[in-house]
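> From the sequence below, what's the structure:
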Amino acid sequence: MRVRANFIKSALVTTAVSLSLAGGVTANDEVQKLISDSKNWAIPTGDYANTRFSKLNQINKDNVKNLQVKWTFSTGVLRGHEGGPLVIGDVMYVHAPFPNTVYALDLNNDGKILWKYEPKQDPNVIPIMCCDTVNRGVAYGDGKVILNQADTTVVALDAKTGKVVWSVKNGEDTAGGKGESGTAAPMVFKDKVLIGISGGEFGVRGHVTAYNLKDGSVAWKAYSTGPDAETLMDGEKTTHLGKPVGKDSGVSSWEGEQWKQGGGTTWGWYAFDPKLNLVYYGTGNPSTWNPVQRPGDNKWSMTIFARDADTGMAKWVYQMTPHDEWDFDGVNEMILVDGMAISGQKRDVLVHFDRNGFAYTMDRGNGELLVAKKYDPAVNWATEVVMDPKSKEYGRPQVVAQYSTQQNGEDTNTTGVCPAALGTKDQQPATYSPKTGLFYVPTNHVCMDYEPYQVSYTAGQPYVGATVSMYPAPNSHGGMGNFIAWDAAKGEIVWSKPELFSVWSGALSTDGDVIFYGTLEGYIKAVDKDGKELYKFKTPSGIIGNINTFEHKGKQYVAVLSGIGGWAGIGLAGGLLGAEGAAAWQQAVAGQKAPADEEKSISTAGLGVVGGYAALADYTTLGGQLTVFGLPD
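Numbering: from 1, shown residues only. From the prediction side, this is the model:
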């Protein structure tokens, strides 16, 4: 670790540092106060409801065409840059992929580096990060910056100096021996910080842990699979679509002790409802990708959880994809909206755009399913989600036999499945505008071929069990993405803007009637509420980061990290576009099942994405840069 401490003389201490906790004031009061002031971008998702909406309107639909680059900052890392910076008063906190460097930049002094934290991690964690060495951002609270490192170490840094206040180990093995990694951004709520775990492709058993913000001690820990005592569920009180889940449902829905390597990891985003005192998040795919090897519904992978913020006890759950056969992780963000009119009744809802291609609108108090509709017309693996509460199939997707990798069996290539394993939307967060009542969603328009095969579990080794190839949705516009506007009350696409590649950035909507998003080629784009393009600028590398906005000295700015990588860009970031790199990847992941044919080896590398996204190399290259935009002076 290297820290520059000489910045204390800087005038920046006025805002970011003066917000330390006073007696009787909780961290949540502090963070909520910061969130309420739109000049800041105080948590990774913009607010506890995950709306990614800003009340700033100095940049608007009429003048956004005049945006220009104000300043840039290199992170010094050439891998995928997901997430985005925080802005607390006069300080910007910027993070990077592995080795997870964190910078504090002085906005009063041309982005001068106030301090730099660079953790020393075991490099063995790099090969067990399935889909690039990404990190989705840091959190702030109690005068601390919270970092979830790749090796699962969680550190709290003094926001003034960058010095470590406390450090804990979130996983069992920080050297990658269990296949665990840390990629998710933490969420500070009340006097706690919520941390997830990654590694579903290595048989990691998913969990979330709430640490006490003051000292890093564990407040509660909840697993995704296993007995009630470990999943923090009550068989009689925890409900699924209004009915008790039953005793030890996280065990009985698995064969034998498969739940111990059950996946259901928690590497997405978290939401918090202070009024209901509930936190919300989704769980990932069950392990392995071969569904034949794990009979049963595999609970509670692929599930939305609503947990008591103080105790972690699950109030309600909803499993979107029982017995997943396609790697449709359920980790995408939960967006909370108050008073949405549905069938003539106002409801406080949770809206979730799942990897499986269905968008869900639910009553966030009791978990009632209100809407479940496809948000990409290409989705074909299921016909519908049954909405009749009287039906035995209530809430379950109706799987089409042709696209069932379970029914077609091992060593059979199921072709034409839509969406592909990376989903109609991966973790890249959508935005909700209260001005229009619509959600603006970055999507993938991609299908796949999927061939499952037998695989055995070894701790720290890939536990995938499928060969996948991906390609643009057939009989469409030819591209691999759309940016859409969605009506969550009706379950309808309002408009759709096609893109050449998947839209892998987090979106932003503002009171200025502008919606921003980024593209894999590297463009930051601005559109109006009807989808009309108002502005675009090509940054140095592909954008998989999340766009945000802030105000400093009376002027509004827009910021984004660019740096191609992540799952969609792993071919470039991981060196898998050539025969040698692809063969090494295949040998590590597939072993004896590694394709002998060179062309197939390359096209199916990176869990299937390399062939589908190979053309990215014609449009962008590796990078790691923050770009800040503003209006002309």
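
> Just the element for residue 626, please.
strand 625-630 (DSSP states H and E).

> List the pairing partners of that strand within its sheet, with orientation.
strand 68-74 (antiparallel), strand 555-562 (antiparallel) (DSSP bridges).

> Could you give me the buried positions within the stretch of helix or strand residue 114 belongs to?
Following DSSP H and E, the helix or strand that holds residue 114 is strand 112-117. Within strand 112-117, the residues that count as buried by 16 or more other Cβ atoms under 10 Å are 114-117. For every residue, glycine as well, the C-beta is placed using N, CA and C.

> do stretch 210-227 as well
210-213, 216, 219-220, 222-226.

> Helix, strand or coil: sort out residue 30 for me.
The local conformation at residue 30, judged by DSSP: H, G, I helix; E, B strand; the rest coil, is helix.

> what does the strand holding residue 626 rub up against?
59, 67-75, 85, 94, 524, 537, 539-541, 555-563 (Cβ atoms under 8 Å, 6 or more residues apart in numbering).

> at 6 Å instead, please
With Cβ atoms under 6 Å, 6 or more residues apart in numbering as the test, strand 625-630 has contacts from 67, 70-74, 94, 539-540, 555, 557-562.

> Which secondary structure elements does the strand holding residue 114 sit against?
strand 102-106 (3 or more Cβ pairs under 6 Å, 6 or more residues apart in numbering; DSSP states H and E).

> Restrict the strand holding residue 114 to CA atoms and write it as PDB.
Taking C-alpha atoms only, strand 112-117 is exported to PDB below (Å, rounded to 0.1, in the frame of the first residue of the first chain):
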ATOM      1  CA  LYS A 112      -4.700  16.100  -8.000                       C
ATOM      2  CA  ILE A 113      -4.100  12.700  -6.400                       C
ATOM      3  CA  LEU A 114      -4.700  13.200  -2.700                       C
ATOM      4  CA  TRP A 115      -4.000   9.600  -1.800                       C
ATOM      5  CA  LYS A 116      -3.700   6.200  -3.500                       C
ATOM      6  CA  TYR A 117      -4.400   2.800  -2.100                       C
END
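
> With distance to residue 464 and pLDDT added, can I get the buried residues of stretch 210-227 in CSV?
Below are the buried residues of stretch 210-227 laid out as CSV (distance: Cβ to Cβ, whole Å; pLDDT from 0 to 100):
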residue, distance to residue 464, pLDDT
210, 30, 98
211, 31, 98
212, 36, 97
213, 36, 97
216, 33, 98
219, 34, 98
220, 31, 98
222, 26, 98
223, 22, 98
224, 19, 98
225, 18, 98
226, 22, 98
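
> Next step: the residues you listed restricted to strands.
Mapping these onto strands (DSSP state E) picks out 210-212, 219-220, 222-223.

> Dihedrals phi and psi, the nearest residue to residue 365 once chain neighbours are set aside?
Using Cβ to Cβ, 6 or more residues apart in numbering and skipping residues adjacent in sequence, the residue nearest residue 365 is residue 276, 6.0 Å away. Main-chain dihedrals, residue 276, degrees, to the nearest 10: phi -90, psi -10.

> Tell me the predicted confidence for residue 276.
pLDDT, residue 276: 97.

> What segments of the stretch 101-250 of the chain are helices?
228-231, 249-252 (DSSP state H, counting those that start in this stretch).

> Any idea which of these gets closest to residue 271?
helix 228-231 (19.4 Å; Cβ to Cβ).
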